[in-house]
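*Asks:* Return atomic coordinates for the entry below.
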Amino acid sequence: PRLAPRIAPMTTNANGTKQPTSKSKLAYSQSELYDSPEDLARWPLLAPLLKSWQAEVWEKDHTEFRGCWHYDQESIRLQQRHRWAVILAATAGTGAVVLAILKLGLEGRTYLAEFMSFFLGSNYGHWIMEKTPEILMFLEVVCVVLAVATILLSIFFSLDHRWRELRFKAEHYRMLKFRFLHNGAEWLAASEEARGLHLFTHLAQIHSTGKGKILEWIHWKTELLPILNTPENLPEEPLALELASYFRERRLLPQRQYFHKRGHQLHSVEKIVRWIGPGLFFASVACALAHAAIHVLHHTPAASVENREKTSEVGGPQSPKNTKESVSVVAHPHTESSDHSSGPTLLVIAAAFAMLAAILPVLAAGIRTWRGAFEFGRNSLRFESMAHHLEHLLSEMEKAKSPEAILAILRRGEYAMESEHRSWMRLMMEAEWFG
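*Replies:* Numbers count the residues shown, from 1 in each chain. Got it, this is the predicted structure:
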């Protein structure tokens, strides 16, 4: 979702009653959390329950520091900051290692100065080679400081945990509302005070939930919401049909659209990034092979001199032919073929392959860190599967006519979405990231 502006969720009218602001109504007009007067008129049998929900959630529960609006919007903001922190830390850390490899690869490479001088002139070539290590060292220090600072700030502010905790609370608001409506026949027979006490009790549990409680919930050790069972008093057919209509338009259809859209987006990203890591690895192997091949196939002039000196020694000082060749090689050490012109160029290419062989796996590791922090592949599969499941439930609901069949489908949908949220929380808490 888009980053929403900081606006007050509630306003007070002339009678002193709190109501959602116009911007707040607009933001939630398509969500499950707020029902407009038009919605109340559309579902008149559920209107008393929806009004009870509005009174508890919007008028009494909402403040500047808590409530479904606050949890939802703060979760979006912190998630955005967490994403930028992941990208910044992974990029800076990867850059620091790459710069260190480049600096190490350039040290002592005198032939690089000759190569640069050939294109830029002697003065500029040697000046660049003198200043390059200093520039690389400066950039490396900047990248290290930036990466460490990002990691420490993320841990200090607990970005990774806080946005998931707030998302957990916002989603539990939604689940609480629809479990409350599922037992509509029971709560319509109860008093307004009883309905308010029920909602207040569970909202207080949501507010007090921390990291430890979330871990217990993830591992099925505790529950925050009422268990969904077949109600003792089944609703009459008109109420059951109204429940089916409301759940279809305010719960199942929006969730199916969200899971389908989000799954498609994540699948598009995963389809690209999943091949980058293996591609960079095999490219580094190819660079290493190219570097080795150049050194095996290319004999430097120094090696030729050494070999000829050994040949001269074996031939003995009495051999005029060997003596003449030795003098010729010493006087003109670079007369073989095109070694004088091609030697530095081949050495530069070999050095470039060697540095690429070391740098490419580092880039792959940086991309793997970014990919592991968001789990594009696993989440895309889960979201697409959930979209198909909700589509199946919607098709079943069209055929269901009895109250028992309708409520059974609604329970299956709620438990499926709770299970999906539980598995998503477990996956994201175990993702390869810090904070």
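*Asks:* is it true that residue 150 touches residue 85?
*Replies:* Yes: Residue 150 sits in contact with residue 85 when judged by C-beta atoms under 8 Å, with a separation of 5.5 Å. C-beta: built from backbone N, CA, C; applies to glycine.
*Asks:* average pLDDT across stretch 291-302?
*Replies:* Model confidence over stretch 291-302, given as mean pLDDT, is 73.
*Asks:* meant to ask about stretch 65-77
*Replies:* Across stretch 65-77, the average pLDDT comes to 85.
*Asks:* buried stuff in that stretch?
*Replies:* By neighbour count with 16 or more other C-beta atoms under 10 Å, stretch 65-77 contains the buried residues 67, 68, 69, 70, 71, 72, 73, 74, 75, 76.
*Asks:* can you put those residues in CSV and add distance to residue 167 and secondary structure?
*Replies:* Written out in CSV, the entries for the buried residues of stretch 65-77 read as follows (distance: C-beta to C-beta, whole Å; DSSP: H, G, I helix; E, B strand; the rest coil):
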residue, distance to residue 167, secondary structure
67, 14, coil
68, 12, helix
69, 14, helix
70, 12, helix
71, 8, helix
72, 8, helix
73, 11, helix
74, 9, helix
75, 4, helix
76, 9, helix
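*Asks:* residue ranges with poor pLDDT in the stretch 101-250 of the chain?
*Replies:* Applying pLDDT under 70 to the stretch 101-250 of the chain flags residues 108-129.
*Asks:* which residue ranges form the helices in it?
*Replies:* Secondary structure of the stretch 101-250 of the chain by DSSP state H, counting those that start in this stretch: the helices cover 110-120, 122-157, 159-182, 184-189, 192-207, 211-218, 237-247.
*Asks:* just checking, what packs against the longest one?
*Replies:* Going back to what we said before, that points to helix 122-157. Contact here means 3 or more C-beta pairs under 8 Å, 6 or more residues apart in numbering; DSSP states H and E; on that basis helix 122-157 packs against helix 68-106, helix 110-120.
*Asks:* Distance from it to the middle of the chain?
*Replies:* Here the centre of helix 122-157 is set off from its chain's centre by 26 Å, with C-alpha atoms, centre = their mean, to the nearest Å.
*Asks:* going forward, begin numbering at 22 instead of 1
*Replies:* Got it, first residue is 22 now, which makes that one helix 143-178.
*Asks:* quick one: that helix to helix 89-127, angle?
*Replies:* 150 degrees (axes from the mean of the first three to the mean of the last three C-alpha atoms, to 10 degrees).
*Asks:* Which one of the helices and strands packed on helix 143-178 lies nearest to residue 270?
*Replies:* The minimum distance between residue 270 and the helices and strands packed on helix 143-178 falls on helix 89-127, with 19.2 Å, by C-beta to C-beta.
*Asks:* how far is that closest one from where the chain is centred?
*Replies:* Relative to its chain's centre, helix 89-127 lies at 10 Å (C-alpha atoms, centre = their mean).
*Asks:* tell me which residues in that helix are buried?
*Replies:* Within helix 89-127, the residues scored as buried using 16+ other C-beta under 10 Å are 89-97, 99-100, 102-103, 106-107, 109-124, 126.
*Asks:* Reformat the helices and strands packed on helix 143-178 as a markdown table; add distance to residue 62.
*Replies:* Supplementary listing: those in a markdown table, determined by distance: least, C-beta to C-beta, whole Å:
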| stretch | distance to residue 62 |
| --- | --- |
| helix 89-127 | 23 |
| helix 131-141 | 78 |
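*Asks:* Neighbours of the closest residue to residue 206 other than its chain neighbours, how many?
*Replies:* Sequence neighbours aside, residue 256 is the residue nearest to residue 206 in space, at 4.0 Å (criterion: C-beta to C-beta, 6 or more residues apart in numbering). Residues lying near residue 256 (other C-beta atoms under 10 Å) number 21.
*Asks:* what are the phi and psi angles of residue 256?
*Replies:* Dihedral angles phi and psi of residue 256 (degrees, to the nearest 10) take the values phi -70, psi 160.
*Asks:* Any figure for the gap between the residue nearest to the spatial centre of the chain and residue 232?
*Replies:* The centre of the chain sits closest to residue 395, judged by C-alpha atoms, centre = their mean, with a distance of 2.7 Å. Computed as C-beta to C-beta, to the nearest Å, the residue 395 to residue 232 distance reads 20 Å.
*Asks:* So residue 92 sits against residue 185, correct?
*Replies:* No: with contact defined as C-beta under 8 Å, residue 92 does not count as touching residue 185 (11.4 Å).
*Asks:* what residues are up against residue 277?
*Replies:* 408, 411, 412, 415 (C-beta atoms under 8 Å, 6 or more residues apart in numbering).
*Asks:* okay, these in CSV with neighbour count next?
*Replies:* What follows is those, written out as CSV (neighbours: other C-beta atoms under 10 Å):
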residue, neighbour count
408, 20
411, 24
412, 15
415, 16
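*Asks:* Tell me the one of those nearest residue 366?
*Replies:* Taking C-beta to C-beta as the measure, residue 408 is the one of the contacts of residue 277 closest to residue 366, at 56.6 Å.
*Asks:* Which strand or helix spans that closest one?
*Replies:* With secondary structure defined by DSSP states H and E, residue 408 is part of helix 397-420.
*Asks:* pLDDT of that helix, averaged?
*Replies:* The predicted model assigns helix 397-420 a mean pLDDT of 93.
*Asks:* buried sites along it?
*Replies:* Neighbour-count burial for helix 397-420 flags 397-401, 403-405, 407-408, 410-411, 414-415, 418 (criterion: 16+ other C-beta under 10 Å).
*Asks:* Residue 187 contacts residue 95, doesn't it?
*Replies:* Yes: counting by C-beta under 8 Å, residue 187 touches residue 95, with 5.2 Å between them.
*Asks:* Pick the most buried one from the helices of the stretch 122-271 of the chain.
*Replies:* Scoring these by mean neighbour count under mean count of other C-beta atoms under 10 Å gives helix 180-203 as the most buried, with a mean of 21.
*Asks:* quick check: angle from it to helix 232-239?
*Replies:* Helix 180-203 and helix 232-239 are oriented at 50 degrees to each other (the same axes, to 10 degrees).
*Asks:* starting at the chain centroid, how far to helix 180-203?
*Replies:* Going by C-alpha atoms, centre = their mean, the spacing between the C-alpha centre of helix 180-203 and its chain's C-alpha centre is 20 Å.
*Asks:* Check which helices and strands that helix is in contact with.
*Replies:* Helices and strands touching helix 180-203, by 3+ C-beta pairs under 8 Å, 6+ apart, are helix 68-75, helix 89-127, helix 213-228, helix 232-239, helix 258-268, helix 424-450.
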